[in-house]
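> Just the structure for this:
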Amino acid sequence: MKGVIMAGGMGTRLLPLTLQRPKPMVEVIGIPVIDFVKDALVSAGIGEVIVTTGYRGESLSAHVESWNTEGLKAWVNEEEVPMGTAGSVRLLKDELKDTFIVGSGDTLASFDITSLLKEHKESGAAATMALWEVEDPTRFGIAELDDDGRIKRFKEKPTLEEAFSNLINAGAYILEPEIFERMPEGPHSIERDVYPTLAAEGLLNGFSFTGWFVDAGTPASWIEAM
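Residues are numbered from 1 along each chain as shown. Okay, here's the model as predicted:
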């Protein structure tokens, strides 16, 4: 099974830490954040990891190359122009012919990828999203679940008035190749342009987990991650 780590963001909210390096290379207790994501994928049995990147991709390429071991193949797909979270995955259409996992390169969380995959297979959905409950959901995408675990509605970064749920997108997805049918060529967002449609069609599944979750994309959350 293949895993994709999305690592294309410029990390403007983490300046000046990201002046000379991409956001996923910012360190938490001396370790680049992206390494925690890679380790979680490897622990779940992922044999090939593809990192999508644009901003300062050369430093990520050198780092990802060091991941290649006897049990793991790892490489970077560097974008010439920013493609967005869906566009970057769409570029890998020819590589991703079977069920695959996508993770955010700057998120630390305790979800069990093996359980996430099991839930996805049992659901028969085109996509399954890991979900986490927060007090303030306005920095994230939010999901409303029905009694069967299907996501009825999904909205990216709502205002407090628009927030219909406190369950947020925790940055890990199990996807089927059929999702590419809903991804046009060119830059676009999986959160804004793909997931709301999947939810409306009853093809987006949700998996709530317990433990801990930190999106290390702001100074405050980076300190929390430490």
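
> right, and the helix or strand after the one helix or strand residue 3 maps to?
Per DSSP states H and E: residue 3 is located in strand 2-6. Downstream of strand 2-6, the next assigned helix or strand under DSSP H and E is strand 27-28.

> List the strands paired with the very next helix or strand once past that following strand, with their directions.
Following strand 27-28 in sequence order, the next helix or strand is strand 31-32 (DSSP H and E). Applying DSSP bridges, strand 31-32 is found paired with strand 27-28 (antiparallel).

> And the contacts of the strand it pairs with?
33, 36, 108, 216, 222, 225-226 (CB atoms under 8 Å, 6 or more residues apart in numbering). In this view, the C-beta of every residue, glycine as well, is placed from N, C-alpha and C.

> ok, and the most crowded of those?
In terms of neighbours by other CB atoms under 10 Å, the contacts of strand 27-28 top out with residue 216 at 25 neighbours.

> now it: how far from residue 106?
5 Å (CB to CB, to the nearest Å).

> Show me what the helix or strand encompassing residue 205 is packed up against.
Per DSSP H and E: residue 205 is located in strand 204-208. Under the contact criterion of 3 or more CB pairs under 8 Å, 6 or more residues apart in numbering; DSSP states H and E, strand 204-208 touches helix 113-123, strand 127-133, strand 141-145, strand 151-156.

> Residue 183 is nearest to which of those?
strand 127-133 (11.4 Å; CB to CB).

> angle of that closest one against helix 113-123?
120 degrees (axes from the mean of the first three to the mean of the last three CA atoms, to 10 degrees).

> Now do the longest strand anywhere in the chain: everything it contacts.
Ranked by number of residues, the top strand in the chain under DSSP state E is strand 167-175. For strand 167-175, contacts defined as CB under 8 Å, 6+ apart pick out 89, 96, 99-104, 107, 109, 111, 113, 116-117, 120, 126-134, 137, 140-145, 154, 190-191, 206, 208-209, 213, 215.

> Show me what the mean pLDDT comes to for that strand.
Looking at strand 167-175 alone, the average pLDDT works out to 94.

> can you offset everything so residue one is 41?
With the count now opening at 41, the last piece we talked about shows up as strand 207-215.

> Just want the angle from it to strand 244-248.
Going by the same axes, to 10 degrees, strand 207-215 makes 120 degrees with strand 244-248.

> Do me a favour and get the end-to-end distance for stretch 197-208?
9 Å (CA to CA, to the nearest Å).

> Show me where this structure dips below the pLDDT cut-off.
Residue ranges of the chain with pLDDT under 70: 48-55, 57-59, 94-97.

> who's in contact with residue 199?
Residue 199 neighbours (CB under 8 Å, 6+ apart): residue 178.

> Next, give phi and psi for it.
phi -80, psi 170 (degrees, to the nearest 10).

> do you know how far it is from residue 122?
The value you get for residue 199 to residue 122, if CB to CB is used, is 25 Å.

> now do residue 116
For residue 116 relative to residue 122 (CB to CB), the value is 15 Å.

> Show me which of these two is the more surrounded one.
Just comparing residue 116 and residue 122: by other CB under 10 Å the higher neighbour count belongs to residue 116, 20 against 13.

> Buried residues in the helix or strand the more buried one falls within, which are they?
If you go by DSSP H and E, residue 116 is part of strand 113-118. Of the residues in strand 113-118, 114, 116-117 count as buried by neighbour count, 16 or more other CB atoms under 10 Å.

> SS state for residue 237?
helix (DSSP: H, G, I helix; E, B strand; the rest coil).
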